[in-house]
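Asker: After the sequence you'll find the predicted model.
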Amino acid sequence: METKICNICGVEKPINDFSFRKDSGKYRLSCKECIKEKRKDYLIEYRKNNKEKFRQYYLENSNPSYRLTDFKYPDKYCKHCGELISKKRGKEYDTKIFCNQKCHHEYYRLKNTKICEICGKKYISYQKNSKYCSQDCANLRRSLENEYIPCDNCGKLVEVRKSRKRDRKNFFCNSKCHRQYEKENYTPRVKKINKICKICGKQFEVYPSYEKQSKDNGYEILYCSIECRNNDKERMTEKASNMNKIQSNKKGLNLIETIMEKILNDLKLDFKSQHLMFDKFLVDFYLPNYNLVIQCDGDYWHGHPSKLKEGKPDKRQDKRMKLDKSQDAYMKKCGVNILRFWEHKIKKSEEEISDTIKRTISEIA
């Protein structure tokens, strides 16, 4: 390792203890420690010799409140108790008004104590326009200013505020009087159209804009209420058939239905999946050549004995089981043959299902 002798202390030191100069490309003659000590000595001597210069600079550039010959802060006294505030350098002392936090809170508490105009009680409030100690006093003041005006419908006296009296023309004691008055005196801008309900035969009125809107949307207003609309059997059956048609277009095949589709394709039979029967309900598969319907029943939804709790179906299962019975009864009356297969059988024994389908087809043929 390279070494060098310092020209100040005269000690031989490693070259890393000397600072490198980029301008000359050489190491300094004196080490880093000696240069630091030399600088300290120089600064102390310079301050002693130029004390007046520093003093003049401070006077010119410091805060005017501190420009004193003896460099002392002016005395300050607490705004609340009048005691001398302890001196601290900087902005803290310049902005300080109170000797401690307790005096600060006490001063503003006394400053913001007000007397209530109603009860005469003293209270503290930091709001400028505060006049009352509580909401009860404020309400009492308002009630004294309020006026009593007769109801426009029944003539009963009503307590009204000044602000409301300016804004309104008519005054009512309750909502019933208001509605009754409007019925008797209100003249509508547009005349309503009279109509008769399809179910109950009651006469009801409809705005022309609502009538136009219904025609644009492709339906006619026939009912006076929602209850009458729901009691219309023709509408409900039509709605159900329309929903089944939409469902037949949108609904895809589930797992057991895809397995059944594969079995029917293997048997090379013509069939229709998700077919709408008699514009009433959907069936899983329909074979038009044999007038045969094949239904794939899920174990839970269609109520298999293994999925029933304590041998009793729940609400959803019971509803689905009743619907299955009614559909089967309706199709049998119409001369349609029906086959139903459970989910667990479709998944496990495909050969057995294909044999039963072949057997039923041979019996029908």
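Answerer: Received, thanks.
Asker: what is the mean pLDDT for stretch 179-196?
Answerer: Average pLDDT, stretch 179-196: 83.
Asker: now the strands for the chain?
Answerer: 3-5, 12-14, 20-21, 26-27, 113-115, 122-124, 147-150, 157-160, 193-196, 203-206, 272-277, 281-287, 292-297, 337-342 (DSSP state E).
Asker: ok, of the ones you listed, where does mean pLDDT dip lowest?
Answerer: Taking the mean pLDDT of the strands of the chain, strand 272-277 comes last: a mean of 84.
Asker: hang on, the earlier thing: could the strands of the chain go into CSV alongside mean neighbour count?
Answerer: Where you see a C-beta, it was placed from the backbone N, CA and C, and this is true even at glycine. Shown next, in CSV, are the strands of the chain (neighbours: other CB atoms under 10 Å):
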stretch, mean neighbour count
strand 3-5, 13
strand 12-14, 12
strand 20-21, 10
strand 26-27, 12
strand 113-115, 12
strand 122-124, 12
strand 147-150, 12
strand 157-160, 14
strand 193-196, 12
strand 203-206, 12
strand 272-277, 16
strand 281-287, 20
strand 292-297, 21
strand 337-342, 16
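Asker: now the ones you listed as JSON lines including distance to Asn50?
Answerer: Output for the strands of the chain, formatted as JSON lines (distance: least, CB to CB, whole Å):
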{"stretch": "strand 3-5", "distance to Asn50": "35"}
{"stretch": "strand 12-14", "distance to Asn50": "34"}
{"stretch": "strand 20-21", "distance to Asn50": "29"}
{"stretch": "strand 26-27", "distance to Asn50": "33"}
{"stretch": "strand 113-115", "distance to Asn50": "58"}
{"stretch": "strand 122-124", "distance to Asn50": "58"}
{"stretch": "strand 147-150", "distance to Asn50": "84"}
{"stretch": "strand 157-160", "distance to Asn50": "84"}
{"stretch": "strand 193-196", "distance to Asn50": "104"}
{"stretch": "strand 203-206", "distance to Asn50": "101"}
{"stretch": "strand 272-277", "distance to Asn50": "103"}
{"stretch": "strand 281-287", "distance to Asn50": "105"}
{"stretch": "strand 292-297", "distance to Asn50": "106"}
{"stretch": "strand 337-342", "distance to Asn50": "108"}
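Asker: Of these, which is nearest Met260?
Answerer: Evaluated with CB to CB, the strands of the chain place strand 292-297 nearest to Met260, the distance being 5.4 Å.
Asker: how about the helices in this protein?
Answerer: Remark: helices assigned in the chain by DSSP state H are 32-49, 51-61, 91-95, 101-111, 135-145, 162-167, 175-185, 208-216, 226-231, 233-250, 255-266, 315-333, 343-348, 350-364.
Asker: Can you check which of those helices gets nearest to Cys6?
Answerer: helix 32-49 (5.9 Å).
Asker: What residues of that closest one count as buried?
Answerer: Within helix 32-49, the residues that qualify as buried are Cys34, counting by 16 or more other CB atoms under 10 Å.
Asker: worst average pLDDT in the helices of the chain?
Answerer: helix 91-95 (a mean of 61).
Asker: and stretch 116-125, how far out from the chain's middle?
Answerer: 43 Å (CA atoms, centre = their mean, to the nearest Å).
Asker: Start and end of it, how far apart?
Answerer: 11 Å (CA to CA, to the nearest Å).
Asker: still on that earlier bit, closest to Cys78 out of the helices of the chain?
Answerer: helix 101-111 (5.5 Å).
Asker: per-domain residue ranges of this protein.
Answerer: 3-49, 115-145, 147-185, 194-231, 244-364 (automatic domain parsing).
Asker: Among those, which comes closest to Lys79?
Answerer: Of all the domains of the chain, domain 115-145 comes closest under CB to CB, at 17.8 Å.
Asker: Buried ones in the closest one, by neighbour count?
Answerer: Buried-residue list, domain 115-145, by 16+ other CB under 10 Å: 116, 118, 132-133, 137-138.
Asker: rewinding a little: closest to Gly311 out of the strands of the chain?
Answerer: Using CB to CB, the strands of the chain put strand 337-342 closest to Gly311, at 17.2 Å.
Asker: Ser19 against Cys34, yeah?
Answerer: No: applying CB atoms under 8 Å, one finds Ser19 not in contact with Cys34, separated by 11.0 Å.
Asker: about what we covered before: mind putting the helices of the chain into JSON lines with distance to Ile196?
Answerer: Shown next, in JSON lines, are the helices of the chain (distance: least, CB to CB, whole Å):
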{"stretch": "helix 32-49", "distance to Ile196": "109"}
{"stretch": "helix 51-61", "distance to Ile196": "97"}
{"stretch": "helix 91-95", "distance to Ile196": "84"}
{"stretch": "helix 101-111", "distance to Ile196": "76"}
{"stretch": "helix 135-145", "distance to Ile196": "52"}
{"stretch": "helix 162-167", "distance to Ile196": "42"}
{"stretch": "helix 175-185", "distance to Ile196": "22"}
{"stretch": "helix 208-216", "distance to Ile196": "14"}
{"stretch": "helix 226-231", "distance to Ile196": "11"}
{"stretch": "helix 233-250", "distance to Ile196": "16"}
{"stretch": "helix 255-266", "distance to Ile196": "48"}
{"stretch": "helix 315-333", "distance to Ile196": "35"}
{"stretch": "helix 343-348", "distance to Ile196": "52"}
{"stretch": "helix 350-364", "distance to Ile196": "52"}
